[in-house]
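J.: Turn this into a structure:
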Amino acid sequence: MMRMVRRGAKFALGATTVGLLGTYAYSCYDVGFRRTVVFWAQAAPIYLHYRYAEWRVKGLPSSVQTEYFDRLHNMYAPKVYDLVIDLRGFFLKCAQMVSVREEIVPPQYLRFLKTLQDNVPPEYTPEEVRIMVEQSLGKKIEEVFAYFDDTPLGAASIGQVHRATLKDGSIVAVKLQFPRAESLFRSDIKILIDFCTMAMPFHVPGLLEVEKQYKTEFDYVKEAENLDLVANNINNVWNEHVVVPRPFMDLCRKNLLVMEYLPGIKLTDGIRRQYSAIAASQGKTLEELENEQKAKIKSGEIKAGPTKFQMKIFITYLKVKDIAINAVNFFYNSIYGRWAGRPRPYVKTESPINIPQILDILLKVHGYELFINGAFNGDPHPGNILLLEDGRLGLIDYGQVKHMALHDRIPYAKLIISLADNNEREAVRIFTEEMGYKSQRMDEVVLVKWARFWNDYDSLESRNGMNIQHFMEWLQKQDPIVTFNEEYVVAVRMSILLRGMGAAFQQKLSTAKAWKQYAEELLRRHPHHPSPPSPSPSSLSS
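T.: Residues are numbered from 1 along each chain as shown. Have a look, this model is predicted:
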């Protein structure tokens, strides 16, 4: 034990020394090297401390473990947030993805990381933004726009968005890419790959695929083409429920994207406003209400949120109640109100957001994109979803569109159907023989857990009571994945992100069950599809 502690102390001391030397490096070396020094100097000691804590509290009562880790969370959450804001880039993107999984991220971290979904501090001044827009267009802003709002609608990992009005009166959203965003992302991904190779090797394949996928993220002309493609695929079919903005192709450049402006608010803002009103009606703050709900969830008092049908009944009840009250008030005002000089006011209760229905729509739209269209958004986090004034959902930010060939969609559709039908033996066969995944011992029990975790659901029960990090480490120890098919990494990420939104509202989502109808439709459309070529798996050791 003392040997382990001494090694840890040496490592922490070395990391601290690197941090001191990093100050000098800031003025001497390239940006990538400086970011590497900053990351390792701050992240490595934190990671080491947590690993030591796991060993230190192993076997102790759960209350002691919780208290010990709460101290660590309180200590490091602000530091991690400051590190993310300082470095931004891909670290910010990772923080956004992690913040979706509220059921696994400690609340100390969530308080900071959730703000990064849609409230990232702007990086450039209005003057700098105008200069960058004009350089991209090759024209003065006044020549293109009748109005340009200097206050950004939002900032993200590689750019920020501004509202503007074209000369013809069209209201648009202008998405501007930050200078050096691409080079910083490439550097950041390499840093994380190096870190995960040492600490969490099972995350490396996903990062390698993300690195490849991000080649299109920095070309806004390509993103505009993808946006136009998805809009054509989705808007006519799903027009009743969602809308995807269309780009103005003649105004798009590699680092500038001009698209339709969708009037509405971010889903996160709408939900926050609703829960703030509920909290105020109970004489509580939003944070107090959230903590109370989490305590009920932890104690088992709340096991699942309402279904979309239950929410529809509740919303209908509120409307009928308003009609009844207003009918009585109308009768009273017509007879007594004017004469008495005290007419009763009419009421209009604001309908609550039907979160289960929204989640159901999001699952189905993305399943349709994947299986029917073969082009889908691999980054559907809450900051990219709007509640529009007409009641529909606005789906924005298509920088991470994955194009999946038919010969890859066919076996994936079979896997989804097998998982939805709980045909685990067939799921394992497809997962390994047709999709190219291989494990060291080819243990069917472990393989189906991998397949289900990545592509269906990941409840606490299915993870044997472990958090995601420990569950993946446990799976890797039981029967490690040695080869994988990188074509499916983005689909897996989309599934996990969508499920994460559900988990935040106690909705236990199954992507396999939600996507089954579209998987079956794909197979019906291609009953005699040619045999897929042999998968091109990647080795975890490569």
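J.: what packs against whichever strand or helix holds Leu92?
T.: Per DSSP states H and E, Leu92 falls inside helix 89-99. Contacts defined by 3 or more Cβ pairs under 8 Å, 6 or more residues apart in numbering; DSSP states H and E place helix 89-99 against helix 62-87, helix 107-113, helix 181-199. Using the backbone N, CA and C atoms, a C-beta is placed for each residue, glycine as well.
J.: Quick one: the strands in the stretch 201-350 of the chain, in order.
T.: For the stretch 201-350 of the chain, the strands defined by DSSP state E, counting those that start in this stretch cover 242-243, 256-260, 264-266.
J.: and His403, which of these is closest to it?
T.: Closest to His403 of the strands of the stretch 201-350 of the chain is strand 256-260 (Cβ to Cβ; 18.7 Å).
J.: coming back round to it: reformat the strands of the stretch 201-350 of the chain as a markdown table; add distance to Pro201.
T.: Output for those, formatted as a markdown table (distance: least, Cβ to Cβ, whole Å):
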| stretch | distance to Pro201 |
| --- | --- |
| strand 242-243 | 38 |
| strand 256-260 | 36 |
| strand 264-266 | 36 |
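J.: Most tightly packed of the ones you listed?
T.: Highest mean neighbour count of those: strand 256-260, a mean of 24 (counted as mean count of other Cβ atoms under 10 Å).
J.: can you tell me the average pLDDT over the helix or strand Glu142 falls within?
T.: Per DSSP H and E: Glu142 is located in helix 141-144. Helix 141-144 shows a mean pLDDT of 95.
J.: same thing with stretch 179-198?
T.: Rounded mean pLDDT across stretch 179-198 is 85.
J.: Low-confidence ranges, the stretch 401-542 of the chain, go.
T.: 529-542 (pLDDT under 70).
J.: if we go to 50?
T.: Scanning the stretch 401-542 of the chain for pLDDT under 50 picks out the ranges 539-542.
J.: so where do the helices sit in it?
T.: 406-420, 424-429, 444-455, 468-478, 489-504, 511-525 (DSSP state H, counting those that start in this stretch).
J.: Show me which positions of the last one end up buried.
T.: With burial defined by 16 or more other Cβ atoms under 10 Å, the residues of helix 511-525 counted as buried are Thr511, Ala512, Ala514, Trp515, Lys516, Tyr518, Ala519, Leu522, Leu523.
J.: Also the third one?
T.: For helix 444-455, burial by neighbour count (16+ other Cβ under 10 Å) applies to Glu444, Val446, Leu447, Val448, Lys449, Trp450, Ala451, Arg452, Phe453, Trp454, Asn455.
J.: what's it packed up against?
T.: If you count contacts as 3+ Cβ pairs under 8 Å, 6+ apart, helix 444-455 packs onto helix 406-420, helix 424-429, strand 438-439, helix 468-478, helix 489-504, helix 511-525.
J.: Any chance of TSV for the ones you listed, columns distance to Gln65?
T.: Output for those, formatted as TSV (distance: least, Cβ to Cβ, whole Å):
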stretch	distance to Gln65
helix 406-420	33
helix 424-429	33
strand 438-439	31
helix 468-478	12
helix 489-504	22
helix 511-525	32
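J.: so how many other residues sit close to Ser62?
T.: As a burial measure, Ser62 scores 8 neighbours (other Cβ atoms under 10 Å).
J.: And it, how close does it get to His470?
T.: Noted for Ser62: a distance of 14 Å to His470, by Cβ to Cβ, to the nearest Å.
J.: Now Phe33: which helix or strand?
T.: Assigned by DSSP H and E, Phe33 falls in helix 31-57.
J.: For the helices and strands packed on helix 89-99, could you give me TSV that also reports distance to Val129?
T.: Output for those, formatted as TSV (distance: least, Cβ to Cβ, whole Å):
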stretch	distance to Val129
helix 62-87	19
helix 107-113	26
helix 181-199	14
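J.: isn't Pro395 right next to Asn377, touching?
T.: In this structure residue 395 is Leu, not Pro. Yes. The criterion here is Cβ atoms under 8 Å, and Leu395 meets it with Asn377 at 7.1 Å.
J.: Which residues are in contact with each of the two?
T.: Overlap of the contact sets of Leu395 and Asn377 (by Cβ atoms under 8 Å, 6 or more residues apart in numbering) consists of Asn384.
J.: Skipping its backbone neighbours, what lies nearest Ile361 in space?
T.: Distances taken as Cβ to Cβ, 6 or more residues apart in numbering place His241 nearest to Ile361, at 5.0 Å, with adjacent residues excluded.
J.: one step back: and the helix holding Leu92, average pLDDT?
T.: Averaged across helix 89-99, pLDDT comes to 80.
J.: and the angle for that helix with helix 62-87?
T.: Angle, helix 89-99 to helix 62-87, by axes from the mean of the first three to the mean of the last three Cα atoms, to 10 degrees: 150 degrees.
J.: Contacts for helix 89-99 next, please.
T.: Helix 89-99 has contacts (Cβ under 8 Å, 6+ apart) with 35, 39, 83-85, 105, 110, 113-114, 116-117, 120, 156-158, 181, 184-185, 187-189, 192, 379, 381, 383, 493, 497.
J.: So for this structure, the centremost residue is which one?
T.: Geometric centre of the chain, nearest residue: His381, 3.0 Å, by Cα atoms, centre = their mean.
J.: ok, and the closest non-adjacent residue to Arg452?
T.: What sits nearest to Arg452 in space, not counting adjacent residues and going by Cβ to Cβ, 6+ apart, is Leu419, at 5.9 Å.
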